[in-house]
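Undergrad: A structural model of the following input is requested.
(2 chains)
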Amino acid sequence: MSAHTRAQLFELASGYALGALSPEETAAVEAALPDNAELAAEVLSIRETMGALLRAEAPIVPRAGLRAEWTQRAASLQRAREEDRHSATATITRITDVRHRRRSVTWILGVALAASLTGLAVLGAQLQKSRDRLTVAMAATEKRERQLNTVLEAEDGLLLAILKGNVASETGVQFFWNVRQKRGMVHAFHLRPAPVGRAYQVWLHTGTTVTSVRVFDSGEDGHALIEQMTLPDSPIGITSVSITVEPTGGSPQPTTAPILFGEMQRRTS
Amino acid sequence: MDSRPLRLPFVAFARPSPPSGRSRANASPVLQLQPPTTPNTDHDTALMAMFAAGDERAAAVLYDRFAPMLMAVAFRVTRSRVDAEEVVLETLEQAWRQAQRYEQSRGSLDAWLAVIARSRAFDRMRMDQRRTRHIVAIEDQPGGALLEAVDTGATPNGAAEASDARRLVVQALAALPAAQREAVELAFYDGLTQSEVAERLGEPLGTVKTRIRLGMIKLRDMLRPLAPEGRS
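TA: From the prediction side, this is the model:
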């Protein structure tokens, strides 16, 4: 429930369309928009006015090569989308296969039950474990998808760093930063758990300073999805992200060379 | 009578690269190219549906229709052709990613793209830490007759249409009370937050919020002929 009255929200509409509100005001408007058609129409009408102001600029013909760059980029984006789609389909197929196997195991188990109550008890326990593991894995996957969707839904102000470095070639870490919502997320995969007594620490770099935003460790599966970071109020000046191996609990400043490093870049949602 | 300079719209003096002279023979056989800002809601809806489906011809058509307008918006903020071109690509990429969410009921396609480009351009300037705040006043430009000084390399239709729109925008901004115009310009053209505008002007935040709101509402009323339903 919004703490703002209807009139207050309407007073914020112009500032929201302009992107000129504080984060708190922006959040209040965004929370109200889905259920307030009048407010949405007001914001839309101001955006149309902005469009009219912007369209009044004298058009400028881009250089000749830009069109080819765009068509190549569009083709590349489409290829990436199709690869993602195939990957997702493969994942669903694997889950379906697991479910199918589980059903098959259940049927076989029924036959075994008739033959041996003892065997049933053993197999039943194994089946339960398998089902529990599958349930946990699916819940984790769904949670991961929800978290990523939340961050990636940001229309503006989403920063991204892809970290690579002196670790296994398949290791990858993505750093997301939703500036507007002041939320960040680290998504690590194929990252072996840190050695005993050590942890991974994430750092933001400007040209002259290094700031810690989170200490974490990956799971046994080499995966980590980390939120709740200590992020600066503004991304201005921050150029890159790195990860070092530090003592458990972290360090005030990096004590080892980065094992992963990535440039900060804007990401369109 | 307010004598303060009217700053809008910006007019590019830099001579752009000549048109590519490319053939459009490869454009979609279904989508006929339109003049850059001609509203055509059915066409836009169909175009975005094809774009969302990953049709590369739609991507090319979208570029041909809107790239000059997006270049102008981006150049207005970045004052750099290189940055502006990158903003155009980022804008089109964001549009590609969000094409499935685009609905005509959520606004005209050109306004939607223009607002994205403005946002991307300000993001770029903030990230680069070289944001320029000296948007040049029209009266400060050589000769002062900027409305006649446009040289953009734009298509004749697009340039003429933008020129008419520009005159209307100039008139609308001139009709605003000076205090409202100043606040709106800082928020809209310089990308300042309301708090930053208040700080810049040395005015209470509440006063600035009211000025921006009233200013934008007046502009909305005065620029209604440029809205999709007002264009023809």
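Undergrad: Can you give me the buried ones in stretch A:185-204?
TA: Going by neighbour count (16 or more other CB atoms under 10 Å in any protein chain shown), the buried part of stretch A:185-204 is A:185, A:186, A:187, A:188, A:191, A:194, A:199, A:200, A:201, A:202, A:203, A:204. In short, each C-beta sits where N, CA and C put it, glycine included.
Undergrad: can you check stretch A:237-254 too?
TA: Neighbour-count burial for stretch A:237-254, with 16+ other CB under 10 Å as criterion, is recorded at A:238, A:240, A:241, A:242, A:243, A:244, A:245, A:246, A:250, A:251, A:254.
Undergrad: Give me the subset of the buried residues of stretch A:185-204 that also touch chain B.
TA: The subset of the buried residues of stretch A:185-204 lying close to chain B, counting by CB under 8 Å from any CB of the partner chain, is empty.
Undergrad: Just the residues you listed: which are in helices?
TA: Of the positions in the buried residues of stretch A:185-204, not one sits in helices, assigned by DSSP state H.
Undergrad: Would you mind measuring from residue A:174 to residue B:168?
TA: Here the criterion is CB to CB, to the nearest Å. By it, residue A:174 lies 46 Å from residue B:168.
Undergrad: Of these two, which one has the most company?
TA: Looking at residue A:174 and residue B:168 with other CB atoms under 10 Å in any protein chain shown, you find the greater number of neighbours at residue A:174, namely 19 against 16.
Undergrad: State the helix or strand in which residue A:136 lies.
TA: Element membership for residue A:136, per DSSP states H and E: helix A:117-152.
Undergrad: which is the next helix or strand following that helix?
TA: Along the chain past helix A:117-152, the next helix or strand (assigned with DSSP H and E) turns out to be strand A:158-165.
Undergrad: After that following strand, heading C-terminal, what element do we hit next?
TA: Next helix or strand after strand A:158-165 toward the C-terminus (DSSP H and E): strand A:172-178.
Undergrad: how about the host helix or strand of residue B:68: buried residues?
TA: Residue B:68 belongs to helix B:56-78 when elements are defined using DSSP H and E. Residues B:56-78 are the ones in helix B:56-78 that count as buried (16+ other CB under 10 Å).
Undergrad: What of stretch A:64-78?
TA: Taking 16+ other CB under 10 Å as the basis for neighbour counts, the residues of stretch A:64-78 that come out buried are A:66, A:67, A:69, A:70, A:71, A:73, A:74, A:77, A:78.
Undergrad: same question, stretch B:94-103
TA: Of the residues in stretch B:94-103, those buried under the neighbour-count criterion (16+ other CB under 10 Å) are B:94, B:95, B:96, B:97, B:98, B:99, B:102.
Undergrad: Name the spans of chain B whose pLDDT lies under the cut-off.
TA: Low-confidence regions of chain B, defined here as pLDDT under 70, cover residues B:1-42, B:104-106, B:128-162, B:227-232.
Undergrad: Just give the nearest non-adjacent residue to residue A:36, would you?
TA: Setting aside the residues directly before and after it, residue A:36 is nearest to residue A:9 in space (CB to CB, 6 or more residues apart in numbering or on different chains), at 7.0 Å.
Undergrad: Could you do residue A:171 as well?
TA: On the basis of CB to CB, 6+ apart, the spatially nearest residue to residue A:171 that is not a chain neighbour turns out to be residue A:190, at 4.7 Å.
Undergrad: residues contacting that neighbour?
TA: Taking CB atoms under 8 Å, 6 or more residues apart in numbering or on different chains as the criterion, residue A:190 is in contact with A:168, A:170, A:171, A:172, A:222.
Undergrad: Next one: it relative to residue B:50, how far apart?
TA: Where residue B:50 is concerned, residue A:190 sits at a distance of 37 Å (CB to CB).
Undergrad: same check, this time on residue A:21
TA: 35 Å.
Undergrad: Compare neighbour counts for the two and give me the winner.
TA: For residue A:21 versus residue B:50, the count of surrounding residues by other CB under 10 Å is larger for residue A:21: 23 against 20.
Undergrad: Noted, bye for now.
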